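Engineer: Pasted the sequence and its predicted model underneath.
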Protein chains: 2
Amino acid sequence: MEARELRYFVTVAEELHFGRAADRLGIAQPPLSRAIGQLERRLGVELFTRTSRSVALTEAGAVLLREGRAALDALEAAERRTRRAATGTSNLVLVTKAGASSELLPKLLDAYAAEPGAVPVDVILCGVAEQERHLRDGRADVALLHLPFDSTVGFDTEELSTEGQLLIVPAGHPLSGRTSVSMTELAGLPMPRWPGRDGTYPPGPGPEVRDNAQLLQLIALDRAIAVLPESCRSLLPYDLRTVPVPDAPRVTTVIAWPPHSRSRALAALIRTATRL
Amino acid sequence: MEARELRYFVTVAEELHFGRAADRLGIAQPPLSRAIGQLERRLGVELFTRTSRSVALTEAGAVLLREGRAALDALEAAERRTRRAATGTSNLVLVTKAGASSELLPKLLDAYAAEPGAVPVDVILCGVAEQERHLRDGRADVALLHLPFDSTVGFDTEELSTEGQLLIVPAGHPLSGRTSVSMTELAGLPMPRWPGRDGTYPPGPGPEVRDNAQLLQLIALDRAIAVLPESCRSLLPYDLRTVPVPDAPRVTTVIAWPPHSRSRALAALIRTATRL
DNA sequence: GCAAACGATACCCGCAAGGTATTGAACGGC
DNA sequence: GCCGTTCAATACCTTGCGGGTATCGTTTGC
């Protein structure tokens, strides 16, 4: 199977529409139809069930979508890492969610910088769920992920810390005076909606948010409330209040890296992290 | 980057010889030279340092070899799993080294077969180091691996059991009467040589072996001695003797599976295994 | 100093990838 | 129920690229 065919397939599978997929790919629709047909013939597998009005994935198609994405990511990662190896820039690239692990990250960077033979570390702060992409496609060497939110599927990981969660509300909020609140009490309230793995937002009442800064501003404006890990406290604005939520799931911070690529520098960073 | 280019590159990197690589690929040498040149230009990276007499990998080339193999495996796995998903054969394929885990495996298969909703399990017995390939390229769904011999890089794993190792010698061997023997005593003796990840054998005095049956026969013929996990005892021929080697590294059996692909059936098998 | 080995270059050919025009089937509006 | 719209498939053409043969230039071993 060729990468081009797979890219075409993934695009069609995402759009479920040959015209739009062809647009996205920058080619005309007929060649795309043909390419998919060819792929199906070569695999001997029907990937889509098509009427002249609709396109749907078959079960086998769903498998190819999942596995194919992983394969394309691996391909892209190979390319990126090769380029980086060539340009001699031996910097490590660490990616994490903006606003998360705000205490742990500087400690880690300082401790690693103090190690003998430490290389410079570039930090990428990105929105939620983008860090996985960065790590998978080779733009980053290592990430700080947060369970149970992020998926560590396909990465090697080490646990770094675990913490409880807090309810964040504006100063005048009815719950702001409470010493504790339980998840069941929050069940009906509109919680912010984070983008999924594919960049789209789940349906629901709460506002759409991409990062912590957005979220905190919305809370200050009384448009949202949220449950966040305790470590977010250090960068809360003055006019927000926190209430412990003892029964919220505990959040574990892990350091994650792609298998295969354990450079000496990366290994040292991981060792430093686990010793903090 | 296209899969074809990458396959070409990997072949040349393996052969370090354009002519032989072209032969293996079934194309002529000039197009191969061109393809590699194109790849280098597109990546903007020198992958080989060539004189007109020799070819060697650059550092970046070594990165691409490692990462590229992983990417090609992922591609092949995607194709295989798609085909299997289509033909509706929902069988699980388990792979393990012939002769290893001879006690654990039947227990696992029996226990799983008794589970509600169990699907048939095909068992592949292969030589050492082939199981990794099977799991990486989608021919198998799950493997029993043995640490510290096998690499679990890139797989998800669960530990199943751990055991010591025994020295295996023919009946008349000088060490056969001992109650215990240490690794240092065995240091000078010619141990069998197993094939590496790439199928070639390391240099050294001992005989080359591919699987346990070969090895045991060689031991019976007094051409070799070996240190093996305790569980091999159940399939030892009559005329061999065992001596405990307390300071040999302990062997851990793990069940391993590729990330991404956790079917219901696979999950059930893993659950069964960890409960044994 | 010559022949062999080996990668690079030059040049040609065929096919498959991509484009345009069109067909044909399924909805939706009236 | 008919027509216009939508959207995938088909037909047909063009071209660029992947592959082949012949050859060159450099290194190396005898």
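Structural biologist: Received it, and whenever you're ready, just let me know what you need.
Engineer: Close to chain B: what parts of the stretch 151-276 of chain A are there?
Structural biologist: A:153-154, A:156, A:259-261 (C-beta under 8 Å from any C-beta of the partner chain). To be clear about C-beta, it is placed using only N, CA and C from the backbone, and glycine gets the same treatment.
Engineer: Try it again at 6 Å.
Structural biologist: Proximity of the stretch 151-276 of chain A to chain B is confined to A:153-154, A:259-260 under the rule C-beta under 6 Å from any C-beta of the partner chain.
Engineer: If you rank those residues by neighbours, which is first?
Structural biologist: Counting neighbours by other C-beta atoms under 10 Å in any protein chain shown, the top entry in those is A:Gly154, with 21 neighbours.
Engineer: So which of the residues of the stretch 151-276 of chain A next to chain B are in strands?
Structural biologist: Among those, no residue falls in strands (DSSP state E).
Engineer: What is the nearest of these to DNA strand D?
Structural biologist: When these are compared for distance to DNA strand D (C-beta to the nearest atom of the strand), A:His260 wins out at 26.8 Å.
Engineer: So what's the predicted local confidence for the closest residue to that closest one other than its chain neighbours?
Structural biologist: For A:His260, ignoring the flanking residues on the chain, the nearest one in space by C-beta to C-beta, 6 or more residues apart in numbering or on different chains is B:Ala70 at 5.4 Å. Here the pLDDT value assigned to B:Ala70 is 91.
Engineer: pretty sure B:Ala70 belongs to a strand, no?
Structural biologist: No: assigned with DSSP: H, G, I helix; E, B strand; the rest coil, B:Ala70 falls outside any strand and is helix.
Engineer: okay, now it: neighbour count?
Structural biologist: 22.
Engineer: Same question for the one 4 residues further on.
Structural biologist: The burial count assigned to B:Ala74 is 28, neighbours taken as other C-beta under 10 Å.
Engineer: Tell me which other helices or strands whatever helix or strand it lives in touches.
Structural biologist: In this assignment (DSSP states H and E), B:Ala74 forms part of helix B:59-86. If contacts are counted by 3 or more C-beta pairs under 6 Å, 6 or more residues apart in numbering or on different chains; DSSP states H and E, helix B:59-86 sits against helix A:59-86, helix B:3-15.
Engineer: List the buried residues for it?
Structural biologist: B:60-61, B:63-79, B:81-86 (16 or more other C-beta atoms under 10 Å in any protein chain shown).
Engineer: Going by neighbour count, which residues of the very next helix or strand once past that helix are buried?
Structural biologist: Later in the chain than helix B:59-86, the nearest helix or strand by DSSP H and E is strand B:92-97. Residues of strand B:92-97 classed as buried: B:92-97 (neighbour count, 16+ other C-beta under 10 Å).
Engineer: what inclination does the worst-scoring helix or strand of chain A on mean pLDDT have with respect to strand A:92-97?
Structural biologist: Among the helices and strands of chain A, helix A:212-220 carries the lowest confidence by mean pLDDT, DSSP states H and E, at a mean of 84. Put simply, helix A:212-220 runs at 20 degrees to strand A:92-97, going by axes from the mean of the first three to the mean of the last three C-alpha atoms, to 10 degrees.
Engineer: Buried residues, helix A:212-220. List them.
Structural biologist: Buried, per 16+ other C-beta under 10 Å, within helix A:212-220: A:212, A:214-216, A:218-220.
Engineer: Could you list every helix and strand in contact with that helix?
Structural biologist: Helix A:212-220 packs on strand A:165-170, going by 3+ C-beta pairs under 6 Å, 6+ apart.
Engineer: Just give the strands next to the strand it packs on in its sheet, each with its orientation.
Structural biologist: Pairing partners of strand A:165-170, with direction, according to DSSP bridges: strand A:226-229 (antiparallel), strand A:240-245 (antiparallel).
Engineer: Need the contact partners of the longest one.
Structural biologist: Right, the one you point to is strand A:240-245. A:165-169, A:171, A:175-176, A:178, A:180-181, A:219, A:227 (C-beta atoms under 6 Å, 6 or more residues apart in numbering or on different chains).
Engineer: close to DNA strand C, is the helix holding B:Ala74?
Structural biologist: No: using C-beta under 7 Å from any atom of the strand, helix B:59-86 stays clear of DNA strand C, coming no nearer than 12.8 Å.
Engineer: the inter-axis angle of that helix versus strand B:92-97?
Structural biologist: Computed by the same axes, to 10 degrees, the angle separating helix B:59-86 from strand B:92-97 equals 140 degrees.
Engineer: Make JSON lines from the strands paired with strand A:165-170 and add mean pLDDT, mean neighbour count and distance to A:Arg4 to it.
Structural biologist: Putting those into JSON lines (pLDDT from 0 to 100; neighbours: other C-beta atoms under 10 Å in any protein chain shown; distance: least, C-beta to C-beta, whole Å) gives the following:
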{"stretch": "strand A:226-229", "mean pLDDT": "90", "mean neighbour count": "22", "distance to A:Arg4": "42"}
{"stretch": "strand A:240-245", "mean pLDDT": "90", "mean neighbour count": "18", "distance to A:Arg4": "49"}
